[in-house]
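# need a 3D model of the following:
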Amino acid sequence: MSRAQHREPAAGPTQRQLRVGEAVRHAVSELLAHGAVHDAVIETHLITVPEVRMSADLRLATIYVMPLGGRDEAQVLAALDRNKRYVRGAIAKKVNLKFAPDIRFRIDERFGEAERIERLLRSPAVKRDLAGGSDGEH
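Okay, here's the model as predicted:
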């Protein structure tokens, strides 16, 4: 068998992907914070960029965004997509890469998912199960 067939599957992103993703995140956050993207929707919303995931070849950046308070998500996403070309060019100037990565914007669902889990943990059924869970069954 060849050497490539013995490799373990990658456990997660490489250090390089993480480093480049963080550099792209800082560049996009700075653009949004300084009002460099001239769009009426973007200018009227505070947008956080909690994460950027880079593809293995660093040619695609998935930028996760969240408007403050989670309001107008669809409009903010549409506005960012309209200005994708400008944002990509600005990233290329700020982050020193061989190729400017293609970018795509996604709404960060982690905050909503965390709230859903928190609600579940506070539910009466879970509280009942936790209170009655010490009957020796394992």
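
# I'd assumed Ala11 was in a helix, is it?
No. Looking at Ala11 with DSSP: H, G, I helix; E, B strand; the rest coil, it is coil, so not inside a helix.

# show me what contacts it?
Not one residue lies near Ala11 by Cβ atoms under 8 Å, 6 or more residues apart in numbering. C-beta here means a position set from N, CA and C on the backbone, and glycine is covered the same way.

# how near is it to Arg53?
15 Å (Cβ to Cβ, to the nearest Å).

# what do you get for Arg88?
For Arg88, the distance to Arg53 - Cβ to Cβ - is 16 Å.

# following element in sequence after the host helix or strand of Arg85, please.
Secondary structure here is read from DSSP states H and E; on that basis Arg85 sits in helix 84-94. Tracing the chain past helix 84-94, the next element assigned as helix or strand by DSSP H and E is strand 102-107.

# now do the buried residues in that next one.
By neighbour count on 16 or more other Cβ atoms under 10 Å, the buried set for strand 102-107 is 103, 105, 107.

# now swap in stretch 46-56 and tell me
Quick answer for stretch 46-56 (16+ other Cβ under 10 Å): 47, 49, 51-54.

# again with stretch 25-37
Across stretch 25-37, burial judged by 16+ other Cβ under 10 Å covers 25, 27-29, 31-32, 37.

# do the same with stretch 66-76
Buried residues in stretch 66-76, counting neighbours by 16+ other Cβ under 10 Å, are found at 66-67, 73, 76.

# shouldn't Asp72 be in contact with Leu46?
No. Assessed by Cβ atoms under 8 Å, Asp72 is found out of contact with Leu46, at 11.2 Å.

# can you map out the strands along the chain?
All strands of the chain, identified by DSSP state E, fall at 47-54, 60-67, 102-107.

# any idea of the pLDDT on the nearest residue to Ser29 once chain neighbours are set aside?
Once flanking residues are discounted, Ser29 sits nearest to Val49: 4.7 Å by Cβ to Cβ, 6 or more residues apart in numbering. At Val49, the model reports a pLDDT of 94.
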